[in-house]
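**Q** I would like the atomic coordinates for the input below:
(one chain, ligands or ions: 1)
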Amino acid sequence: MALMPLATPDVRRHNLGLVLGRVLEGGQVARADIAEGSGLSRGAVTSLVAELIGAGLVEESDALHPEGMGRPRRMLVPAASAPCLLTALLDADRATVVAGTLAGAELVRASHRHGRPMGDPGAVADVLARTIDEVAGQLRAAGRRVADLCVVVWAPVAGEPPRVIADTDLGWGEVDLLALLRVRSAAVAGYETAGGRTRLVSDAEVAALAEHAAVGKPYSLVYLKADSGIGGAIVLAGGSGDGVRVIGAGLGHVPVVPDGEVCLCGQRGCLVTVAGPDLLLAESGLADVAARVGLTAGLHEFVARVRHGDAPAGEAWQRAAGEIARTLQILAFSVAPEIIVLGGFVAALAADVDARFRAIQPHMLGAGEFRVAPVVGSELGSDAALLGAQRDARLRLLVDPLAI
Ligand SMILES: [Zn+2]
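**A** You can find the predicted model right below:
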């Protein structure tokens, strides 16, 4: 069979990514269906598929797709032994590591509490490294290689190489977490020795990407989450890659109270100083509970108390909901989002914020062009950042499939 004349390497890479993306999305798909949906010729698809099969990314399944009239067609599926994506999430309580397939299925998960040893990055890195190696060991036993290794932190990330900037949950200043992992984790060291580049990202950024995809890729979305501190990001359609840009992380530091309390960031009156989870736990008498059972469980109890009409928790929440609504009001005028998604523990209380948000802009309701965006709770729950990181990794790999 004659090969199609080769397009430029860039176009060929793009087309390989397009075809692989179809196979990953579809679960199983026939060559002819890929050709039909992509605008590529059948010959081109056949040639691209052959390369992907050769690279161990795609395989032919035993199942045949019966066509109405013609002969049955052999279906393509993601290769069972294809490399996978390793995502490590470090939050205020735990280290959680997930290995997923290129198609988005979860293969292995491990999670361990680190006990929140404040100001001791080495002790936290020990637990994270151990969890990464545990999952990597299971992958190795299953004969699978790691194609992408990404570490997600509940803190801002900056610099080159990327570092954690001030993780207030853990009492960290600037920490080179990847350097700490490299000397503790055989899997991280091995991945990098083999030419891989471990990535470090902020959870708000990748969670916002997952939320954006989950609500149907609107033109613009504001994502605000509260779990330890308050974070968030704005997602705008129309960028590169998946056609998405993430801007403006750190939404917990929108200064909503004039001359308010001094924040760790140096400004006064940041949202986190008046609606931060630690403050709400303290005001509702749950600080000790959170210290004992962990921040996430403490906040779970806080939400339960608000819902059951507990007075201290309810009052603390109503005040915080008002401040969150004011922050959203400021953002809504600057970004004009189509939808606002709340994540973390506030997801369960989004209706309260939505009501406050509407109440403080009465003249905007029904005022022609300006539409008040709905405020909804995340449906992805605590996995938003992990899901977003895996999705982001997959999109990065699709840019150059033969390098996977
Ligand atoms: Zn601040």
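**Q** Near residue 97, how many other residues are there?
**A** 27 (other CB atoms under 10 Å). Quick note: C-beta positions are derived from backbone N, CA and C, even for glycine.
**Q** for residue 15, same thing?
**A** 20.
**Q** Skipping its backbone neighbours, what lies nearest residue 184 in space?
**A** Nearest residue to residue 184 in three dimensions, chain neighbours excluded: residue 129, at 3.5 Å (CB to CB, 6 or more residues apart in numbering).
**Q** Rounded mean pLDDT for stretch 73-85, please.
**A** Stretch 73-85 shows a mean pLDDT of 90.
**Q** contacts for it?
**A** Identification of contacts with stretch 73-85 by CB atoms under 8 Å, 6 or more residues apart in numbering yields 23-24, 27-32, 34, 49, 53, 56-61, 63-65, 67, 99-103, 107, 139, 143-148, 150, 390, 393-394, 397, 404.
**Q** Please list the members of those residues that lie in helices.
**A** Among these, the members found in helices (DSSP state H) are 23-24, 31-32, 34, 49, 53, 139, 390, 393-394, 397.
**Q** what residues does the protein put near the ion?
**A** By CB under 5 Å from the ion, the part of the chain that sits against the ion consists of 253, 263, 265, 267, 270.
**Q** Check what pLDDT the residue in the stretch 51-200 of the chain positioned nearest to the ion gets.
**A** Nearest to the ion in the stretch 51-200 of the chain, going by CB to the ion, is residue 168, at a distance of 9.8 Å. Note for residue 168: predicted pLDDT of 75.
**Q** that older thread, what's the ChimeraX line that selects buried ones from the ones in helices among the contacts of stretch 73-85?
**A** Here is the ChimeraX command that selects only those of the ones in helices among the contacts of stretch 73-85 that count as buried (16 or more other CB atoms under 10 Å):
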select :23,24,31,34,49,139,390,393,394,397
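**Q** now the ones in helices among the contacts of stretch 73-85 in CSV, with pLDDT?
**A** Below are those laid out as CSV (pLDDT from 0 to 100):
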residue, pLDDT
23, 92
24, 91
31, 92
32, 89
34, 91
49, 95
53, 95
139, 96
390, 94
393, 93
394, 91
397, 90
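**Q** May I ask which two of the ones in helices among the contacts of stretch 73-85 are separated the most?
**A** Taking CB to CB, the two most distant members of the ones in helices among the contacts of stretch 73-85 are 32 and 139; they sit 33.9 Å apart.
**Q** ok, back up a step: now the residues of the chain next to the ion in CSV, please, with extra columns for pLDDT.
**A** Output for the residues of the chain next to the ion, formatted as CSV (pLDDT from 0 to 100):
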residue, pLDDT
253, 87
263, 87
265, 78
267, 89
270, 92
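**Q** Next step: these restricted to helices.
**A** Using DSSP H, the subset of these located in helices is empty.
**Q** Among those, which one has the most neighbours?
**A** That'd be residue 270 among the residues of the chain next to the ion, by other CB under 10 Å, with 28 neighbours.
**Q** In this structure that one contacts residue 258, no?
**A** No: look at residue 270 against residue 258 with CB atoms under 8 Å: they stay out of range, at 11.8 Å.
**Q** got the domain boundaries for the chain?
**A** For the chain, the structural domains run 9-78, 84-197, 205-380, going by automatic domain parsing.
**Q** Nearest to residue 386, out of those domains?
**A** Nearest to residue 386, of those and by CB to CB, is domain 84-197 at 5.4 Å.
**Q** Just the terminal-to-terminal distance for that closest one.
**A** For domain 84-197, the first-to-last residue distance is 15 Å (CA to CA, to the nearest Å).
**Q** got a list of what the closest residue to the ion within the stretch 301-404 of the chain touches?
**A** With CB to the ion, the shortest gap between the stretch 301-404 of the chain and the ion falls at residue 327, namely 11.8 Å. Residue 327 makes contact with 224, 251, 254, 256, 271, according to CB under 8 Å, 6+ apart.
**Q** Now, the residues you listed that are in strands?
**A** residue 224 (DSSP state E).
**Q** Spatially, which two of the contacts of residue 327 are the most separated?
**A** Across the contacts of residue 327 (CB to CB), the longest gap, 12.2 Å, separates 224 and 256.
**Q** can you point me to the longest helix in the protein?
**A** Per DSSP H, the chain has its longest helix at helix 311-335.
**Q** Given the next helix or strand along the chain from it, what are its sheet partners and their directions?
**A** Tracing the chain C-terminally past helix 311-335 and defining elements by DSSP states H and E, one meets strand 339-344 next. Under the criterion DSSP bridges, strand 339-344 sits next to strand 220-226 (parallel), strand 375-377 (parallel) in its sheet.
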